[in-house]
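Engineer: Using only what follows, build the 3D model:
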Amino acid sequence: MSKPLRVLIAKPGLDGHDVGAKLVCRALMEAGMEVIYTGLRQSPAAIAKTALEEGVDAIGLSILSGAHLPLCRKVVDQLKSKGLDDAPLFVGGNIPRRDHQQLNQLGIAGIFPTGSDFDQIVKFIQTKVTK
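Structural biologist: You can find the predicted model right below:
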């Protein structure tokens with residue numbers, strides 16, 4: 001029997017809204033994944049440190065503040081500095097379509113705007129993670 005996928009869900013920056021992140025956590029748990037939730041207002045360095053310590057298979061960022069581009073850039077840099085650029089990174093929240101290409105160029109493997117179907121997120125992780 002294989003071990004369940006381990007997914008980190010993080011809330012970078014000063015955004016204080018986490019209902020959506022908690023709903024995503026619940027959907028991933030119901031799909032049989034182990035979820036580590038960082039809580040609110042995490043720094044990119046803290047997110048990378050937690051990802052390393054927890055040995056996660058995928059990392060999701062929930063960003064509703066509009067600061068998704070600089071925050072994702074900083075998280076990607078921190079993950080790379082710790083040798084964690086192999087875990088798929090995905091982002092959800094208020095992400096305008098015009099920013100999708102820039103996020104992809106940063107290395108964001110999946111983008112899930114507010115209102116995305118939870119099954120899409122589950123399938124994305126299951127498809128992207130190879131164990």
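Engineer: Would you mark the buried spots in the longest helix anywhere in the chain?
Structural biologist: The residue-count maximum for a helix in the chain (DSSP state H) belongs to helix 68-81. Of the residues in helix 68-81, those buried under the neighbour-count criterion (16 or more other Cβ atoms under 10 Å) are 68, 71, 72, 73, 74, 75, 76, 78, 79. C-beta here means a position set from N, CA and C on the backbone, and glycine is covered the same way.
Engineer: between the residues you listed, which is closest to residue 115?
Structural biologist: Taking Cβ to Cβ as the measure, residue 115 sits nearest to residue 68 out of these, at 15.7 Å.
Engineer: who's in contact with the closest one?
Structural biologist: With contacts defined as Cβ atoms under 8 Å, 6 or more residues apart in numbering, the neighbours of residue 68 are 61, 91, 93, 94, 95, 99, 103.
Engineer: Would you quantify the distance from the third one to residue 116?
Structural biologist: As defined by Cβ to Cβ, to the nearest Å, residue 93 lies at a distance of 10 Å from residue 116.
Engineer: which one of these two has more residues nearby?
Structural biologist: Here residue 93 and residue 116 are compared on neighbour count by other Cβ atoms under 10 Å; more neighbours surround residue 93, at 22 against 17.
Engineer: Please name the residues that touch that one.
Structural biologist: Residues touching residue 93, when contacts are defined by Cβ under 8 Å, 6+ apart, comprise 15, 20, 61, 62, 63, 64, 65, 68, 113, 114.
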